[in-house]
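1. Build me a structure from this.
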Amino acid sequence: MPAINPPDLSIIVPVLNESACIAPLFETLAAQRDCRFELIFCDAGSRDDTQACICELGGRHDFPVRLVTAPRGRGRQMNAGADIAQGEFFLFLHADSRFLHPRALQTALDHLRQEIEDSGTDAVAAHFALRFDRGMQKESFGYFFYECKARLPRRGCIHGDQGFVLPRSFFIRIGGFDEQLPFLEDEKLAETIFDNGRWLLVPAEIETSIRRFEREGLQERQTLNALILNFYHIGWQDFLTETPGIYRNQAQLERLDLAPFFELIQVLLRSYSAPRRRQLWFETGAYVRSQAWQVPYMLRIRLHYCRAKPQAACWAEPGRWQWLFDRLTDHLLGNWISALLVRTWFMVSARGFEKKSADKV
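-> Alright, predicted model coming up:
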């Protein structure tokens, strides 16, 4: 039954063994001003104190807090939260996210409402400006670059750790999250929004933990992310199906071991016919070529980083050079050259990660 006085915003947070994040999340949301919201946790069977923390802290705040259980998988969890949500707008938020400004939520709603009024359509979504919580660690160009890239209105640059805010009506119309995906549900929803509407960048920062990057290694994690995104965009489901199992087996490792992922790729490729292997390398080359804009963009960001400029000063969309690069390379020969370069990188990297993995034994 709809609430008599429904909130403006429903904040939907998927959780699984996130007890350490619950109190800080309540703290950052309690600091928000001028926004009426409800908080919905979607738990997938936590075995730690996550549910107990939610129940204990939920009664201490003046905003409604609800807990719903759902089958494991962020897509299923967030859809379950959306099913009971009362708000006009939804915010899908990670448990380890924090807001740096007390009006971040209301700022997002103000921007969305203004865009809806100006455009005459609710086909719009927003994401926050990403900042990594590095604690006492020194500045890192790697994190700075990803913070800048996350502010671009480009496909492949918008992910769930930036917070997704969109009208309930638009979310329902595009079908919500894909529950068949074991992961990358945020990537799929972001692409669906690009296909059916437009994205806005909220001029307020969202802070996310670097705990996973620090534990697994920034380079290792981003290399795996690049492989996953490539194979997702070319539709190589065989790799995506096997990847979660390999990743779970590394839960106790201090650092991510990429050798098993490269070995999986080689095993799968050997099981295919020669034409199928060539097709996969060509499709990979075409995708990587389409992402080559990141190389000169990284050099540009490096210049800003050395000049100690803030992220907001250097995230602007790549300009005419991108159009020229596409005209010069977006053809059969350009894609095959890219495929050859990627295959060479893959073979060299596979041997390197295999040797590194053997040295640990």
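2. Where does pLDDT dip in the chain?
-> Along the chain, the parts satisfying pLDDT under 70 run over 1-4, 135-137, 251, 309-323, 359-361.
3. all strands in it, in order from the N-terminus.
-> Taking DSSP state E, the strands of the chain run over residues 9-15, 37-43, 65-69, 89-92, 97-99, 124-133, 164-167, 198-209.
4. which ones are touching I40?
-> By Cβ atoms under 8 Å, 6 or more residues apart in numbering, the contact set of I40 is S10, I11, I12, V13, V65, R66, L67, V68, G81, I84, A85. (Glycine included, C-beta is placed from N, CA and C.)
5. What is the burial count for the closest residue in space to the fifth one that isn't next to it in sequence?
-> Which is V65. Nearest residue to V65, sequence neighbours excluded (Cβ to Cβ, 6 or more residues apart in numbering): G58, at 3.4 Å. Neighbourhood size, G58 [other Cβ atoms under 10 Å]: 17.
6. before we move on, what about the one 5 residues further on?
-> Number of residues near F63 (other Cβ under 10 Å) recorded here: 17.
7. My guess is it contacts A31. True?
-> No: between F63 and A31 there is no contact under Cβ atoms under 8 Å: 11.6 Å.
8. sorry, back to before: got a quick PyMOL command for the buried subset of the contacts of I40?
-> Buried residues among the contacts of I40 (16 or more other Cβ atoms under 10 Å), as a PyMOL selection:
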select buried, resi 10+11+12+13+65+66+67+81+85
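9. export the contacts of I40 to CSV and tack on distance to K356?
-> Below are these laid out as CSV (distance: Cβ to Cβ, whole Å):
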residue, distance to K356
S10, 45
I11, 41
I12, 39
V13, 36
V65, 45
R66, 46
L67, 42
V68, 42
G81, 40
I84, 47
A85, 45
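10. how much space between I206 and V165?
-> In this view, I206 and V165 are 10 Å apart by Cβ to Cβ, to the nearest Å.
11. In a markdown table, list the strands of the chain along with distance to I265.
-> Listed next are these as a markdown table, based on distance: least, Cβ to Cβ, whole Å:
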| stretch | distance to I265 |
| --- | --- |
| strand 9-15 | 29 |
| strand 37-43 | 33 |
| strand 65-69 | 36 |
| strand 89-92 | 31 |
| strand 97-99 | 32 |
| strand 124-133 | 29 |
| strand 164-167 | 30 |
| strand 198-209 | 29 |
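12. nearest to G285, of these?
-> Nearest of these to G285, taken as Cβ to Cβ: strand 198-209 at 27.5 Å.
13. what helices or strands is the closest one leaning on?
-> If you count contacts as 3 or more Cβ pairs under 8 Å, 6 or more residues apart in numbering; DSSP states H and E, strand 198-209 packs onto strand 97-99, helix 104-119, strand 124-133.
14. I'd like to know which of these is closest to I228.
-> strand 124-133 (18.8 Å).
15. Next, the buried residues of that closest one.
-> V124, A125, A126, H127, F128, A129, L130, R131, F132.
16. Quick check: the two most widely separated of those?
-> Of all pairs in the buried residues of strand 124-133, the most separated under Cβ to Cβ is V124 and F132 at 26.5 Å.
17. Neighbours of R154, how many?
-> Neighbours of R154 using other Cβ under 10 Å come to 17.
18. State the distance from it to W293.
-> Taking Cβ to Cβ, one finds R154 at 8 Å from W293.
19. got it, and A286?
-> Distance, A286 to W293, using Cβ to Cβ: 14 Å.
20. for Q86, same thing?
-> Remark: distance between Q86 and W293 (Cβ to Cβ) = 41 Å.
21. go on, R131?
-> Distance from R131 to W293, by Cβ to Cβ: 23 Å.
22. again with R307
-> Per Cβ to Cβ, R307 is found 22 Å from W293.
23. and the longest helix for this structure?
-> Counting by DSSP state H, the longest helix found in the chain is helix 332-360.
24. Buried residues, it. List them.
-> Neighbour-count burial for helix 332-360, counted by 16+ other Cβ under 10 Å, picks out G334, N335, W336, S338, A339, V342, F346, A350, F353, E354.
25. The closest residue to E242 other than its chain neighbours: what's it in contact with?
-> Once flanking residues are discounted, E242 sits nearest to L264: 5.6 Å by Cβ to Cβ, 6+ apart. Contacts for L264 (Cβ under 8 Å, 6+ apart) come out as F239, E242, T243, I246.
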